[in-house]
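*Asks:* Quick one: sequence and predicted model below, then my questions.
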Amino acid sequence: MSMSIEPRDRLRIAIQKSGRLADPARALLASCGLSWRESRDRLFCYGEALPIDLLLVRDDDIPGLIADGVCDLGVVGRNVLCEQDTERVRRGEASAFRELRPLGFGGCRLALAVPDGWEWRGAGQLAGRRIATSYPALLQQWLQEQGIAAEVVTLTGSVEIAPRLGQADLVCDLVSSGATLAANQLKPVATLLESEAVLAGPVAEFEGERAALAEMLLRRLDGAVRTRNSRLLMFQAQRSAIPALLPLLPDAEEPTLLQVDGADRLALQALCHGRLTWQRLEDLKRAGAQGLMVLPVESMLA
Ligand code: PRT
Ligand code: ZN
């Protein structure tokens with residue numbers, strides 16, 4: 001396995017080896033037409049369909065691999081990317097990576113959580129308190145913006161039990177369902193960052209072969225992310241019913257209308273990004289839609 005950073009014409013994407021983002025990242029890239037032959041050590045997957053290889057690593061290493069030019073792109077939580085970028089900037093270094101696209105999975109937020117018994121009256125309450133977190137740079141920055149002097153206790157794991165262990169008074173941690181906080185008698189009171197998995201890349205533009213490859217991949221990703229929850233809706237209706245039907249289409253792109261027979265009967269087809277529930281279909285039927293059909297979207301290229 002070559003890890004050289006000499007000019008190369010293949011694109012290298014870092015993704016999480018195992019963990020929350022590993023499977024969805026692979027699935028998303030596969031839906032863009034990528035496929036790989038796995039190496040025996042499973043750290044490097046050689047791209048077969050396209051010259052795009054995968055490097056399987058810990059998520060925390062991904063921004064650094066991009067900064068060092070070892071990888072061109074990476075799939076990582078915005079929380080990790082922003083933390084490491086904020087840390088670099090605080091150290092007086094220039095940004096070396098950036099978010100290229102949000103990817104629509106791995107959603108969570110970085111939140112401040114206090115013991116259940118606290119009555120939250122705002123950030124002023126935090127002065128002089130100890131806050132446990134794995135995101136010290138983002139927390140320091142937020143505290144600075146609020147004008148609060150508090151002690152940041154950096155922990156790499158099990159942040160939520162720090163108050164019970166007497167290591168801190170409150171925590172700043174990732175939350176998705178909130179069940180972990182609740183189980184530790186904590187409640188979220190402020191959000192520092194809304195996060196999801198993102199495609200990260202270098203600050204500088206790609207050159208040569210890799211620029212064309214990256215551009216193609218981004219185009220396919222945009223289609224894949226957009227179609228993942230989209231459906232094609234088709235039905236027929238009288239022309240006079242159309243004005244009442246259009247507002248019922250959930251987050252639809254400009255629909256296509258085709259004349260079926262005579263001037264009065266139309267067939268409509270629309271790409272809908274919102275949820276097409278049974279309730280919504282019944283509403284459409286009541287407003288005059290006939291022969292309703294909802295189809296999944298396999299791929300899309302704008
Ligand atoms: O081994 P490696 O370092 O690669 O993995 P990791 O253990 O650091 O990361 P991993 O797999 O746990 O998470 C990867 C990314 O998933 C994070 O960086 C986030 O961008 C995203 N993500 C989404 C989450 C969560 N949701 C989440 N809930 N990461 C962590 N959690 C934690 C949360 O902190 C809490 O302790 O999961 C626990 C359960 O959350 P609740 O609120 O649903 O109870
Ligand atoms: Zn990690």
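*Replies:* Perfect, I can see it now. Note that the structure is a prediction, hence the values are computed from the model and not measured. Ligands and ions are numbered 1, 2, ... in the order given.

*Asks:* Pull the residues that contact the helix or strand bottoming out on mean pLDDT in the chain.
*Replies:* Least confident helix or strand of the chain, by mean pLDDT, DSSP states H and E, is strand 36-38 with a mean of 87. Contacting residues not belonging to strand 36-38 are listed as 45-48, 53-54 [C-beta atoms under 8 Å, 6 or more residues apart in numbering]. C-beta here means a position set from N, CA and C on the backbone, and glycine is covered the same way.

*Asks:* Give me the spatial nearest neighbour of residue 219, chain neighbours excluded.
*Replies:* Excluding the flanking residues, the one nearest residue 219 by C-beta to C-beta, 6 or more residues apart in numbering is residue 301, at 7.0 Å.

*Asks:* tell me the SS of that neighbour?
*Replies:* With DSSP: H, G, I helix; E, B strand; the rest coil as the basis, residue 301 sits in coil.

*Asks:* Scan this protein for its longest strand.
*Replies:* Criterion DSSP state E: the longest strand present in the chain is strand 186-195.

*Asks:* Who are the packing partners of that strand?
*Replies:* With contacts defined as 3 or more C-beta pairs under 8 Å, 6 or more residues apart in numbering; DSSP states H and E, the packing partners of strand 186-195 are helix 78-90, strand 108-115, helix 136-146, strand 170-175.

*Asks:* now the angle between strand 108-115 and the last one, please.
*Replies:* Using axes from the mean of the first three to the mean of the last three C-alpha atoms, to 10 degrees, the direction of strand 170-175 lies 150 degrees away from that of strand 108-115.

*Asks:* how distant is the helix or strand following strand 170-175 from the center of its chain?
*Replies:* Remark: after strand 170-175, the chain's next helix or strand is helix 179-183, criterion DSSP states H and E. Distance of helix 179-183 from the chain centroid (C-alpha atoms, centre = their mean, to the nearest Å) equals 23 Å.

*Asks:* Show me what helix 179-183 is packed against.
*Replies:* Looks like helix 179-183 contacts no helix or strand (3+ C-beta pairs under 8 Å, 6+ apart).

*Asks:* and it, does that touch ligand 1?
*Replies:* Yes. Residues of helix 179-183 are located near ligand 1 by C-beta under 6 Å from any ligand atom, namely 179-180.

*Asks:* what do you get for stretch 194-207?
*Replies:* Yes. Stretch 194-207 lies within reach of ligand 1 by C-beta under 6 Å from any ligand atom, at residue 195.

*Asks:* can you pull up the bridge partners for the residue nearest to residue 176 when sequence neighbours are not counted?
*Replies:* In space, and not counting its chain neighbours, residue 176 is closest to residue 108: 4.3 Å by C-beta to C-beta, 6+ apart. Beta-bridge pairing of residue 108 under DSSP bridges involves residue 195.

*Asks:* most neighbours per residue, which of the helices and strands packed on strand 186-195?
*Replies:* strand 170-175 (a mean of 24; mean count of other C-beta atoms under 10 Å).

*Asks:* now that one and strand 186-195, what's the angle there?
*Replies:* 50 degrees.

*Asks:* roughly how far out does the helix or strand residue 245 falls within sit from the chain middle?
*Replies:* Element membership for residue 245 (DSSP H and E) is helix 242-245. For helix 242-245, the separation from the chain centroid amounts to 35 Å (computed by C-alpha atoms, centre = their mean).

*Asks:* that older thread, might you report the residue contacts of the residue nearest to residue 219?
*Replies:* 219-220, 223.

*Asks:* Quick one: those as JSON lines, columns for secondary structure too.
*Replies:* Putting these into JSON lines (three-state DSSP) gives the following:
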{"residue": "219", "secondary structure": "helix"}
{"residue": "220", "secondary structure": "helix"}
{"residue": "223", "secondary structure": "helix"}
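
*Asks:* which one of those has the most neighbours?
*Replies:* residue 220 (20 neighbours; other C-beta atoms under 10 Å).

*Asks:* what's around whatever residue of the stretch 51-200 of the chain ends up closest to ligand 1, how many residues?
*Replies:* Across the stretch 51-200 of the chain, no residue is closer to ligand 1 than residue 77, which sits at 2.1 Å (C-beta to the nearest ligand atom). Residue 77 has 26 neighbours, counted by other C-beta under 10 Å.

*Asks:* Nice, that's everything, thank you.
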